[in-house]
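Colleague: A predicted structure for the sequence below; I have some questions about it.
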Amino acid sequence: MRRRRFIQGIAAFAAWPLAARAQQTGKLPTIGYLGIGTADANPELIPGFFQGLAETGYFPDRNVAIVYRWANGDYGRLPDLAADLVRQNVDVIVTFAAFPTALAAKAATTTIPIVFMIGGDPIAGGLVASLNHPGGNLTGITSTASEVGSKRLEILHQLVPQADVIAILVNPDNRTAMASTRDKNLRLTATALGVELKYLNARNPSEIDAAFVEISKQRIGALYIAPDAYFITQSEPLAKLANKYSVPTSAEMPEFPLLGGLTSYGMDLRDMNRLAGAYAARILKGAKPADLPVQQATKFELIINRKAAKALGLEVPDKLIALADQVIE
């Protein structure tokens, strides 16, 4: 009888929400935040994450601790950083911005819950079994990145209708299955628009510089910066190079037009972090990732820098002005 009660007691303790156990042990529940970029690359990310935590009753350093690990744009560091969070014995791992980040966390642990933020199909990418019933220890937030990418190419074409060749800047270190799907959709969109795509690789500042030199030499009409967490960290130098070489350029990151680039269109990263924060908090309260459906991001932002357009000799169509979330004059 005693043995049965002891086993039942152990089971009940294991079923307690992490926050309740923290109150008993004095240890705050801990979230590990794994990002490919840098802490200051997107200043709106962490406030958005904090907002999601707060909506579910968690406040950093009050009733939850957060351990950050940033790869500074180096995909090769992700496995070691993910393994370090596992060694820290965090209660939840949150991964931001890229499939490789989520895959590194998945490879590091099969038991610690993981909340990912990605653009693309997490089923095809091998993260979950299904959207409604993820299974395993992963769930998260995603967007239909290929459709968003095609829309962004269409917007760039509307801004630069005379461009018959558009360069696509990609990071060769981020060549997942999702990148292949994205490229297929971009090519289909380009065919429909009657433009040719030219792919250029860049994984570091010198290769980014070389890509702009190549664009200038070949008189390519516009540049599309493919979604990549490393490029997010390079928003300012990318905007400066676009202006230096007078290249009409589109990116996913909202910082790009704010720093002088032509336009951006992509997911609202603050809102994506808010959703991830809320999911991490629910897991701390006892929810299982396998039971939390993968959420589809629904908020997207179009920002147009009209001042940059004028400097490039471009006229922004009225319909794009009407659609824009922000127009920089």
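Modeller: Cool, got the structure. Residues are numbered from 1 along each chain as shown.
Colleague: could you show me where the strands are in the protein, in order?
Modeller: 30-35, 65-70, 92-96, 114-117, 138-142, 165-170, 196-201, 222-225, 249-251, 263-267, 295-296, 300-305, 326-328 (DSSP state E).
Colleague: ok, residues contacting the second one?
Modeller: Here strand 65-70 makes contact (C-beta atoms under 8 Å, 6 or more residues apart in numbering) with 28-39, 60, 81-82, 84-85, 88, 90. Every residue, glycine included, has its C-beta placed from N, CA and C.
Colleague: list the buried ones in it?
Modeller: 65, 66, 69, 70 (16 or more other C-beta atoms under 10 Å).
Colleague: beta partners for the residue nearest to residue 231 when sequence neighbours are not counted?
Modeller: Nearest residue to residue 231 in three dimensions, chain neighbours excluded: residue 225, at 5.5 Å (C-beta to C-beta, 6 or more residues apart in numbering). Beta bridges link residue 225 to residue 169, judged by DSSP bridges.
Colleague: returning to what we had before: is there a quick PyMOL command that grabs whichever of the contacts of strand 65-70 are buried?
Modeller: Buried subset of the contacts of strand 65-70, written as a PyMOL selection, criterion 16+ other C-beta under 10 Å:
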select buried, resi 28+29+30+31+32+33+34+35+36+37+81+82+84+85+90
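Colleague: Extract the CA atoms of stretch 148-167 and return them as PDB.
Modeller: Extracted C-alpha coordinates of stretch 148-167, given in PDB (Å, rounded to 0.1, in the frame of the first residue of the first chain):
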ATOM      1  CA  VAL A 148       4.800  35.400 -48.800                       C
ATOM      2  CA  GLY A 149       8.000  35.300 -50.900                       C
ATOM      3  CA  SER A 150       6.000  35.200 -54.200                       C
ATOM      4  CA  LYS A 151       3.900  38.200 -53.000                       C
ATOM      5  CA  ARG A 152       7.100  40.100 -52.200                       C
ATOM      6  CA  LEU A 153       8.500  39.400 -55.700                       C
ATOM      7  CA  GLU A 154       5.300  40.700 -57.200                       C
ATOM      8  CA  ILE A 155       5.500  43.900 -55.100                       C
ATOM      9  CA  LEU A 156       9.100  44.400 -56.200                       C
ATOM     10  CA  HIS A 157       8.100  44.000 -59.800                       C
ATOM     11  CA  GLN A 158       5.300  46.600 -59.400                       C
ATOM     12  CA  LEU A 159       7.900  49.000 -58.000                       C
ATOM     13  CA  VAL A 160      10.400  48.300 -60.800                       C
ATOM     14  CA  PRO A 161       8.300  47.100 -63.800                       C
ATOM     15  CA  GLN A 162      11.200  47.700 -66.200                       C
ATOM     16  CA  ALA A 163      13.500  45.200 -64.500                       C
ATOM     17  CA  ASP A 164      13.600  42.100 -66.700                       C
ATOM     18  CA  VAL A 165      16.300  40.400 -64.500                       C
ATOM     19  CA  ILE A 166      16.000  40.300 -60.800                       C
ATOM     20  CA  ALA A 167      18.800  39.000 -58.500                       C
END
